[in-house]
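> quick one, fold the following:
(one chain, ligands or ions: 1)
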Amino acid sequence: MTAVEPGTTVVTAQREIDRLSGRFISFEGGEGAGKSTQARMLADALRAQGTEVVITREPGGTPGAEAIRTLLLTTEGTGWNARAEALLFAAARSDHVERLIAPALARGAWVVCDRYLDSSRAYQGGGGGLTDADLLALHAIGSSGLLPHRTVLLTLDPAIAATRIALRDGDAVDRIGGRDRAYHDRVDAAFRAIARTAPDRFVQIDASRNAQAIHRDILASLAADLPA
Ligand code: T5A
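Here you go, the predicted model:
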C-alpha cells in the first residue's frame, strides 16, 4: 500500500482502508464535552496494545490546516459568516485528509481525530443555518466524502460543559466557543439529530460521568473494531 500523494483523490484510500486493520475514529460533541481527554485516553490504550495511532484534531492537524485554525478561531477582526466559515473548515479538512489522515489509514494505522466533518454539520449547519446537503457537497469536493468508521458523540448538558471550561480557561473563549447559549443549544440538537441518521457509525456516550467510566464505555462500544 502506498501513501496517497498530494493531488490524488482519496476515494481509492476510502475503499482500501475498509480492508485494512486501521480504523478512523472521530470524537464529536459540544464545547468542553471531554473530546480531547477521551481521544488521548483511547490513543494511549491502543498504543499500549502495540497499535500505531495518529492522534489529531480539527481544525488543524497539518501546518496548512493549523494556519486556517488561527484564521477561524483567533484572528482579530469581525469574524466570518457561516458560509465563509464552512469553506474554511472544508479547506482545512481537505489538507488534513490528504496529507495526514488518508496516508495514515493507507498504511494501516488508527486515526483518532478530535472533531471532523460532523462538527461542520452541527456548527455551520445547526448553529449557522447552512443546509446539510451543502455541507456534504463541500466535503465531497474537499475530501472526497471520506467518513470515519466510527464517531463517538459525547453528550453533555452545555451548562455542565460551561462549568468545566470555566474551571480550565477562566474567562478566555475563542470566536466560536464564545457564541451565545442559543447557538450552542442548536449545535447540541444538531449533533444528536445527525447521530440518529447514521446509527451504524455513531455511538453516543453520556459524558457527565468521570473520565474513566466514559473511557470504559468507549472501549466497549469499539470492541468489534479493536485489534485482537
Ligand atoms: N468547529 C470545529 C466548527 O465550528 N466547525 C468545524 O467543522 C470544526 C472542526 C474548535 C472550535 O471550532 C468549531 C468548534 C469549536 O468551537 P477547540 O478549541 O478545538 O475549538 O474546541 P473544543 O473542541 O470544544 O475543545 P475543548 O478543549 O474546549 O473541549 P473538549 O476537547 O471537548 O474537552 P476537554 O477534554 O479539553 O475537557 C475540557 C475540560 O474538562 C475536563 C478536562 O480536564 C478539561 O479541563 N474534563 C472533565 N471534567 C470532569 N469530568 C470529565 N469526565 C471530564 N473530561 C474532561
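
> name the nearest residue to Phe191, ignoring sequence neighbours.
If you skip the residues right next to it in sequence, Phe191 has Ala122 as its closest partner in space, 4.6 Å away by Cβ to Cβ, 6 or more residues apart in numbering. Quick note: C-beta positions are derived from backbone N, CA and C, even for glycine.

> thinking that neighbour is in contact with Val187, fair?
Yes: at 4.8 Å, Ala122 counts as touching Val187 under the criterion of Cβ atoms under 8 Å.

> so which of these two has more stuff around it?
Set side by side, Ala122 and Val187 show more neighbours around Ala122, with 29 against 24, by other Cβ atoms under 10 Å.

> what's near enough to touch the more buried one?
Taking Cβ atoms under 8 Å, 6 or more residues apart in numbering as the definition of contact, the neighbours of Ala122 are 28, 187-188, 190-191, 194.

> next one: Ala48
For Ala48, no residue counts as a contact, taking Cβ under 8 Å, 6+ apart as the criterion.

> still on that earlier bit, between the contacts of Ala122, which is nearest the ligand?
Val187 (8.0 Å; Cβ to the nearest ligand atom).

> look up phi and psi at the residue nearest the centre of the chain.
Centroid check for the chain by Cα atoms, centre = their mean gives Arg115 as the closest residue, at 1.6 Å. Dihedral pair for Arg115: phi 80, psi 150, per degrees, to the nearest 10.

> thought it was touching Glu58?
Yes: using Cβ under 8 Å, Arg115 makes contact with Glu58 at a distance of 4.3 Å.

> give me the distance between the residue nearest to the centre of the chain and Pro227.
As judged by Cβ to Cβ, to the nearest Å, Arg115 and Pro227 stand 24 Å apart.

> repeat for Arg168
To Pro227, Arg168 is 33 Å away according to Cβ to Cβ.

> and Met41, how many residues sit next to it?
Met41 - counted by other Cβ under 10 Å - has 19 other residues nearby.

> cool, Gly77 as well?
The burial metric for Gly77, expressed as a neighbour count using other Cβ under 10 Å, is 7.

> cool, Phe24 as well?
Other residues within reach of Phe24, judged by other Cβ under 10 Å, total 25.

> ok, the one 5 residues further on next?
In terms of burial, Gly29 registers 26 neighbours under the definition other Cβ under 10 Å.
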